[in-house]
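1. With the input below, show me the fold.
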Amino acid sequence: MILRRASLADAGEIGRLHHRTMRTSLPFLPDLHTAAETEGFIANVLMPACELWVAEGQGRILGYIAFKPGWIDQLYVAPEAQGRGVGPDLLAKALADGSERRLWTFQKNARARAFYEQRGFQIETMTDGQDNEEREPDVLYVWRGENPAS
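-> Numbers count the residues shown, from 1 in each chain. Here you go, the predicted model:
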């Protein structure tokens with residue numbers, strides 16, 4: 001597996017991975033966007049606003065992370081690649097500069113919550129979900145700059 005900076009040419013594959021992972025790993029969420037809409041969001045919104053890195057193996061993208069100063073906006077790993085070190089490697093890339101980061105995840109996403117908490121993220125606040133488009137209770141985590149554990 002290699003980590004590399006994503007290019008605009010990757011947007012379609014990243015968008016399809018994102019959409020498929022949402023449907024498979026987060027089935028409690030409403031299906032609000034088509035795969036094509038997600039691909040457009042990746043190319044036209046996320047890539048211009050964030051540093052985006054992919055984990056690639058066996059000729060395909062296994063996961064991606066999008067981050068900017070102070071925030072991790074997205075971290076998704078293909079369902080078939082979960083539990084194989086992709087997520088920890090991508091997260092370590094985003095935290096490598098040691099600066100504080102925040103991220104949101106859903107309260108029901110127990111796997112993600114355990115993943116972040118094992119790596120030093122702490123709950124900052126929990127909401128009822130009225131401010132996210134899914135209307136699903138979420139949790140804001142903060143990482144205060146410690147070294148990430150793998």
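2. In terms of helices and strands, where is residue 133?
-> Assigned by DSSP states H and E, residue 133 belongs to no helix or strand.
3. and the nearest residue to residue 62 once chain neighbours are set aside, how many neighbours?
-> Using Cβ to Cβ, 6 or more residues apart in numbering and skipping residues adjacent in sequence, the residue nearest residue 62 is residue 81, 4.0 Å away. From N, CA and C alone the C-beta is placed, and that goes for glycine too. Each residue near residue 81 was counted by other Cβ atoms under 10 Å, and the total is 20.
4. same deal with residue 74?
-> Residue 74: 18 surrounding residues under other Cβ under 10 Å.
5. Next one: it from residue 38, what distance?
-> 11 Å (Cβ to Cβ, to the nearest Å).
6. Need the three-state assignment for residue 36.
-> Recorded secondary structure, residue 36: helix (DSSP: H, G, I helix; E, B strand; the rest coil).
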